[in-house]
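Asks: what would the 3D arrangement of this be:
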Amino acid sequence: MTSVFLHRMFVRPRRFFFYLVGSVVLAVGGSLLFVFSVQAQQVAPEEGRVPEAAPVSVHPSIPVRALAPSSLAIELPPVSSASSSGVRWGRVTLVSGILTTSYVSQYVIERKKWWSQQTVGFHFDSKLEYAHGLDKMAHFYGAEIQAMTNARLLEWAGVSSSKAALAGSLLSLAGQTNVEIHDGFNAQWGFDVYDQIANVLGVSWFYAHERVPALRRFDVRLSYWHPNAPPLNKSKDITPFTNDYSGHVYWVSMRVWDLLPASAQPYWPRWLQISAGVSLNKWEEYPDPDAYLSTHISVDVDWRKIIPRGSWLGRTTGDLLNRYHLPAPALQITPRPGIRLLFVGQ
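Replies: Predicted structure coming up:
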């Protein structure tokens with residue numbers, strides 16, 4: 001029954017669009033209100049509390065309070081201010097609107113680009129070997145970036161970092177899962193189990209990265225160079241960024257300073273990282289027997305050690321920059337060892 005209902009909603013675009021908008025608004029709004037309401041609990045000041053007067057003595061040297069039993073002494077709770085929770089409700093409204101708009105826009109763009117073709121019953125079509133596995137790295141990276149963006153917006157609205165990380169991860173996973181479900185109704189595609197596993201791993205990595213300090217020694221990064229971009233390619237039929245896997249290079253950078261012995265740390269800059277990357281070469285469409293992977297070693301900048309992290313803007317900027325690999329010298333390890341003085345892509 002559920003699949004029949006979803007199929008009917010999908011083939012009726014107008015009804016499904018309004019259904020999706022309502023669902024997203026309820027999901028995002030409900031999640032945010034739940035997080036904020038839990039965090040916004042605070043102790044209300046006592047009404048009618050009379051300021052304590054000076055003690056009156058029955059004898060100049062004996063205060064009345066000393067004559068009362070100790071069991072009658074009442075410890076009043078501290079009065080908290082109305083803004084003690086830290087949640088800024090004006091920003092809550094703005095962030096809710098931004099998240100709702102972004103997810104609805106994602107649906108509209110994806111539907112126009114991918115889901116406007118012939119629809120069929122829900123089915124699976126999993127391809128682990130698609131783009132030599134780099135497509136799964138793209139899902140991992142995209143899910144993590146989306147989770148981090150959601151979390152930082154929630155933090156800007158006053159949500160604690162732990163709750164923002166959890167809510168941002170769940171919202172990212174919901175958005176990615178929505179895409180996979182719609183692919184499952186498309187005749188050309190299908191629900192890809194491996195894509196969904198990569199989505200789950202991406203949001204899980206972000207959440208663990210936020211909560212486990214030891215994992216912050218590592219970052220997953222992306223560098224991109226369009227191998228057929230104008231003016232090299234005069235054709236107007238340009239492959240979009242998301243599918244241009246020949247231009248993607250995915251890196252894992254490591255904070256070397258933390259792993260060095262104390263005697264060696266003064267000789268290594270804290271901001272200098274070592275990165276290992278993988279790229280796809282000569283890939284145009286699936287399947288492509290001429291395509292192959294290459295691996296590289298390069299250096300990276302740990303922007304969290306350069307940009308002060310005392311403010312929300314500083315922390316967000318450093319974290320975002322640490323998800324991108326800037327052009328730098330590199331060693332190509334496989335398939336043909338070599339040196340690139342400035343590696344930007346294939």
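Asks: tell me the SS of Arg340?
Replies: Of the three states, Arg340 takes strand under DSSP: H, G, I helix; E, B strand; the rest coil.
Asks: number of nearby residues for it?
Replies: 15 (other C-beta atoms under 10 Å). C-beta: built from backbone N, CA, C; applies to glycine.
Asks: tell me what it is bridged to.
Replies: Ala330 (DSSP bridges).
Asks: list the contacts for it?
Replies: Shown in contact with Arg340 (C-beta atoms under 8 Å, 6 or more residues apart in numbering): His296, Pro329, Ala330, Leu331, Gln332.
Asks: of the residues you listed - the most surrounded one?
Replies: That'd be Ala330 among the contacts of Arg340, by other C-beta under 10 Å, with 23 neighbours.
Asks: my read: that residue touches Ile297, true?
Replies: Yes. Using C-beta atoms under 8 Å, Ala330 is in contact with Ile297, at 6.5 Å.
Asks: where do the helices of this protein begin and end?
Replies: 2-11, 13-39, 64-67, 89-110, 134-156, 161-183, 193-211, 256-259, 312-321 (DSSP state H).
Asks: residue nearest the centroid of this protein?
Replies: Ala147 (1.9 Å; C-alpha atoms, centre = their mean).
Asks: hmm, back to that, now list whatever residues contact both of Ala330 and Ile297.
Replies: In contact with both Ala330 and Ile297: Gly277, using C-beta under 8 Å, 6+ apart.
Asks: which positions in stretch 260-274 come out as buried?
Replies: Within stretch 260-274, the residues that count as buried by 16 or more other C-beta atoms under 10 Å are Gln273.
Asks: and it, how far from the chain's centre?
Replies: Stretch 260-274 sits 29 Å away from the centroid of its parent chain (C-alpha atoms, centre = their mean, to the nearest Å).
Asks: output the below-cut-off pLDDT ranges for the chain.
Replies: Along the chain, the parts satisfying pLDDT under 70 run over 1-85, 227-239, 346.
Asks: can you rerun that using 90?
Replies: The model of the chain has pLDDT under 90 over residues 1-87, 89, 92, 106-107, 109-120, 129, 187-189, 225-247, 281-291, 342-346.
Asks: so the residue nearest to the centre of the chain touches Phe206, yeah?
Replies: Yes. Between Ala147 and Phe206 there is a contact at 4.2 Å, judged by C-beta under 8 Å.
Asks: burial-wise, tell me which of the helices of the chain comes out on top.
Replies: helix 134-156 (a mean of 22; mean count of other C-beta atoms under 10 Å).
Asks: by contact count, what packs against that helix?
Replies: Where contact means 3 or more C-beta pairs under 8 Å, 6 or more residues apart in numbering; DSSP states H and E, helix 134-156 is packed against helix 89-110, helix 161-183, helix 193-211, strand 218-224, strand 248-255, strand 272-281, helix 312-321.
Asks: off-centre distance for stretch 113-129?
Replies: 25 Å.
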